[in-house]
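S.K.: 3D, please:
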Amino acid sequence: MAISFAGFMALALYHEEFGYYSVPATRQIGRKGDFFTSVSVGETFGFLLAHRIRGEAGARFDASEPVFVIEQGAHDGQLAIDILRGWDEISAQSGDQGCELRYRIIEPREKVRAALCERFTTEGFEDRIEVVASAGEAGAGQGVFLCNELLDAFPVEILTFRDGRWLEKVVTIDEAEDKLAWGTRELPDALKPFAEKLGNDFPEGYETEVCPAIDEWVPEVATLFSGKGLWWVIDYGYEAADYYAPSRRTGTLRCYRKHEATEDPFEAVGDTDITAHVNFSHLEEAAAAGGLALNQFTDQHHFLIHAAKPWLLSIEGEVPDRATAARLRQFQTLTHPSLMGQQFKVMELENEGMRE
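M.R.: Modelled structure (predicted):
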């Protein structure tokens, strides 16, 4: 018996009862969890994104209509809360409410939707954040689609180069040891186009990942906005030349548990995060096929520095109070090149409405 690695990864992460992400609210991130994210650094990430959204709303969207933020991969909903609180803070300080900001979260799992709605009600956001089951229910006139560390958790297939040809690595059972193990098989038809595009100039034993799920996902989100729309995909990853560099012999698959990284996805299944870097060149190609155009591809450092300009100018020359000092420390963590600033990339896509 053998199953594809993507099938195994989907079960390990998203099984309704035993998957790693089955109940996001109980899966802590940050210092007490398995890994850090920009959201776990503190509220500054959402505050800066609120500044960026406000800038786009004033410059490129129709001020007479609501602007929607549509988020997918919202985890426990903290980023939505941070963005809305940031928006309110900016409005209060400027004395200008600006356009109306509305928020929608796409969450296909019923149990997680219920947990999100319960949290938003408890914290007083039930009238400002709508949680829907699919992209088809999330459509809006204009706004920003946002996903932060979503695509790195998409199930991937693993290819290995053996004896001058590509094979698929699959998950089998070692009956003697009674445990999960690696195996190989001939490439299925669905993976042959990926292998043909890669070519054969790779060292023996080279391994890498491909993510067919990106091609399925882009059409679902590419038509979310009937008018003007921006898509912000924030994640760690590479462009294709770097992603498939011959020197990257073991690919990008990593597993995280209690801040320790391993390459063994069969250890503590369901209690270990499994992730692979995003191939942003693949994403750009899929986006173009779905009618979206690349506006910019940058790192988090440059993206957030630009977003922070109005805030930094507003505190220039002032002695920071405790809250501002804390926000400045978080800002440094988010943008410093040796911390999160270069680790995370931002691909900004736009639809035809933005180019009219």
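S.K.: pLDDT averaged over stretch 64-82 - what is it?
M.R.: Here stretch 64-82 scores 96 as its mean pLDDT.
S.K.: can you check stretch 159-173 too?
M.R.: Stretch 159-173 comes out at a mean pLDDT of 97.
S.K.: which of the residues in that stretch are buried?
M.R.: Within stretch 159-173, the residues that count as buried by 16 or more other CB atoms under 10 Å are 159-161, 166-171. In this view, the C-beta of every residue, glycine as well, is placed from N, C-alpha and C.
S.K.: before we move on, what about stretch 288-306?
M.R.: So, applying 16+ other CB under 10 Å, buried residues of stretch 288-306: 290, 292, 297, 299-301, 303-305.
S.K.: about what we covered before: widest-spaced pair of the buried residues of stretch 159-173?
M.R.: Phe161 and Val171 (19.0 Å; CB to CB).
S.K.: Pro188 contacts Trp166, doesn't it?
M.R.: No - shown here, Pro188 and Trp166 do not form a contact pair, counting by CB atoms under 8 Å, at 11.4 Å.
S.K.: so what does the longest strand anywhere in the chain touch, helix or strand wise?
M.R.: As assigned by DSSP state E, the longest strand anywhere in the chain is strand 165-174. Counting contacts by 3 or more CB pairs under 8 Å, 6 or more residues apart in numbering; DSSP states H and E, strand 165-174 packs against strand 2-4, helix 5-14, strand 157-162, strand 179-185.
S.K.: how much does it deviate in direction from helix 5-14?
M.R.: If you take axes from the mean of the first three to the mean of the last three CA atoms, to 10 degrees, strand 165-174 sits at 50 degrees to helix 5-14.
S.K.: chain center to strand 165-174: distance?
M.R.: How far strand 165-174 lies from its chain's middle: 27 Å, per CA atoms, centre = their mean, to the nearest Å.
S.K.: Tell me the strands beside it, with direction?
M.R.: strand 2-4 (antiparallel), strand 157-162 (antiparallel), strand 179-185 (antiparallel) (DSSP bridges).
S.K.: Nearest to Phe18, out of those?
M.R.: Taking CB to CB, strand 179-185 is the member of those nearest to Phe18, at 14.3 Å.
S.K.: Can you get me the start-to-end distance on stretch 290-306?
M.R.: By CA to CA, to the nearest Å, the extent of stretch 290-306 from end to end equals 28 Å.
S.K.: Contacts for it next, please.
M.R.: 38, 45, 48, 52, 218-219, 222-223, 230-231, 234, 239, 280, 284, 287-288, 331, 334-337, 340-352, 354-355 (CB atoms under 8 Å, 6 or more residues apart in numbering).
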